[in-house]
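Peer 1: what follows is a predicted structure for the sequence shown.
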Amino acid sequence: QVQLVESGGGLVQAGGSLRLSCVASGRTFSSYAMGWFRQAPGKEREFVAAISGRGMTTDYADRVEGRFTISRDNAKNTMYLQMNSLKPEDTAVYYCNADRSWIGVRQSTSDYWGQGTQVTVSS
């Protein structure tokens, strides 16, 4: 079992930055690929970014590539999402997820999810 807790969300003006964190329980953090999804009101949950267990491989949705950076610190069981140049359309609840599979972590059917953190970008 893996428990995930996100933090770092908030209200920011367009063009601003936020850094989200996701802390995982357990002693096998590096065994899991980790990712971020987001869900805006009335929309389906969508993939944002993912990082492999040792952090050697990353993947981004086209909408955020070049603005967001995913990273992880396995010694702290923590994953991060640095979000720069935020836009109003980035407003959503952001969820972190974990999966033993690189394919699985980029799908909304992933095994483990956090409770979400709200990000609101004002225009």
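Peer 2: Yep, that arrived.

Peer 1: so Ala75 sits in a helix?
Peer 2: Yes: under DSSP: H, G, I helix; E, B strand; the rest coil, Ala75 sits within a helix.

Peer 1: and it, how far from Gly55?
Peer 2: Here the criterion is CB to CB, to the nearest Å. By it, Ala75 lies 11 Å from Gly55. (Each C-beta comes from the backbone N, C-alpha and C, glycine too.)

Peer 1: also Val105?
Peer 2: From Val105 to Gly55 the distance is 13 Å (CB to CB).

Peer 1: pull the CA atoms of stretch 33-46 into PDB?
Peer 2: Provided in PDB are the C-alpha atoms of stretch 33-46 (Å, rounded to 0.1, in the frame of the first residue of the first chain):
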ATOM      1  CA  ALA A  33       6.700   5.700 -11.100                       C
ATOM      2  CA  MET A  34       5.000   8.800 -10.000                       C
ATOM      3  CA  GLY A  35       2.700  11.300 -11.800                       C
ATOM      4  CA  TRP A  36       0.500  14.300 -11.700                       C
ATOM      5  CA  PHE A  37      -3.000  14.500 -13.000                       C
ATOM      6  CA  ARG A  38      -5.500  17.400 -12.800                       C
ATOM      7  CA  GLN A  39      -9.300  17.800 -13.000                       C
ATOM      8  CA  ALA A  40     -11.100  21.000 -13.800                       C
ATOM      9  CA  PRO A  41     -14.800  21.400 -12.900                       C
ATOM     10  CA  GLY A  42     -17.000  19.500 -15.500                       C
ATOM     11  CA  LYS A  43     -14.000  17.900 -17.200                       C
ATOM     12  CA  GLU A  44     -12.300  14.600 -17.000                       C
ATOM     13  CA  ARG A  45      -9.200  14.000 -15.100                       C
ATOM     14  CA  GLU A  46      -6.200  14.600 -17.400                       C
END
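
Peer 1: how distant is that stretch from the center of its chain?
Peer 2: 9 Å (CA atoms, centre = their mean, to the nearest Å).
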